[in-house]
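Asks: Could you look at this predicted model? Sequence included:
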Amino acid sequence: MTPRRAYLDALVAHLGPGDVLVSGLGANARWLPHLPVRVPVFALCDAMGAAIPLALGVALTRPGRRVVALEGDGALLMSPNVLATVAAARPANLTCVLWANGRYESSGGQPLPDAPVDWVALARAAGIAHAERIGDAPGLGAALARLRTVRTPALLVLDVLFDPAEEIPPYSERPEEIRARFRL
Ligand SMILES: [Mg+2]
């Protein structure tokens, strides 16, 4: 199983000028300020399930930019209806990256309900035709490169390792610092 950091490194390496990152709360939001990200990042604090809706708004109002949303499986399980909203809005420039580890990691690693959700099937059933499951970091990089030219809303489902011993750097949730990172 691929660890979070390997996926994050691949993600950062495949971001290009004009991209925008929107991250749900938790480990990804805490890691990003410590990585060489050269695009605007909006990291949510304490707002589970809000990353994709917020990213959708950015994508629709900034059609010239590619918006990448990072969301956890526990967060999306709280409001999966957003998949239908994305499908209806058809943003050509929105890529949703779902970090699937079967845990509510940000709140302590509690397991999700013991009913394995087929996220790819759910996304397709909601109307997002481009949905794929990814199992390693090179696969994420290749998918991000492909999607730059495909111009369709997409959901990439990452099988990511749940590592309760993962050491994540200190992170500031100060609003002015979040704003500064978003204004790059
Ligand atoms: Mg999770």
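Replies: Okay, I see it.

Asks: ok, G49 touching G72?
Replies: No: counting by Cβ atoms under 8 Å, G49 does not reach G72; the two are 9.1 Å apart. C-beta here means a position set from N, CA and C on the backbone, and glycine is covered the same way.

Asks: Neighbour count for the two, which is higher?
Replies: Between G49 and G72, G72 has the larger neighbour count (other Cβ atoms under 10 Å), namely 27 against 20.

Asks: Please report the distance of that one from C96.
Replies: Using Cβ to Cβ, to the nearest Å, G72 is found at 12 Å from C96.

Asks: And A13, by the same measure?
Replies: To C96, A13 is 19 Å away according to Cβ to Cβ.

Asks: Name the residues linked to L98 by a beta bridge.
Replies: E71, V157 (DSSP bridges).

Asks: for it, what are its contacts?
Replies: When contacts are counted by Cβ atoms under 8 Å, 6 or more residues apart in numbering, L98 is found next to E71, G72, D73, L76, W119, L155, L156, V157, L158.

Asks: Do you know the pLDDT at the third one?
Replies: Think D73. At D73, the pLDDT value in this model is 96.

Asks: Need the three-state assignment for I128.
Replies: Judged by DSSP: H, G, I helix; E, B strand; the rest coil, the three-state class of I128 is coil.

Asks: How about the helix or strand containing L155 and the ion, touching?
Replies: Secondary structure from DSSP states H and E places L155 in strand 154-159. No: using Cβ under 5 Å from the ion, strand 154-159 stays clear of the ion, coming no nearer than 10.2 Å.

Asks: residues making contact with that strand?
Replies: The contact list for strand 154-159 (Cβ under 8 Å, 6+ apart) reads 1-2, 7, 83, 94-101, 119-120, 123, 128, 130-135, 140, 143-144, 147.

Asks: quick one, phi/psi of G74?
Replies: Main-chain torsions, G74, degrees, to the nearest 10: phi -60, psi -40.

Asks: correct me, but it touches Y104?
Replies: Yes: judged on Cβ under 8 Å, G74 makes contact with Y104 at a distance of 4.0 Å.
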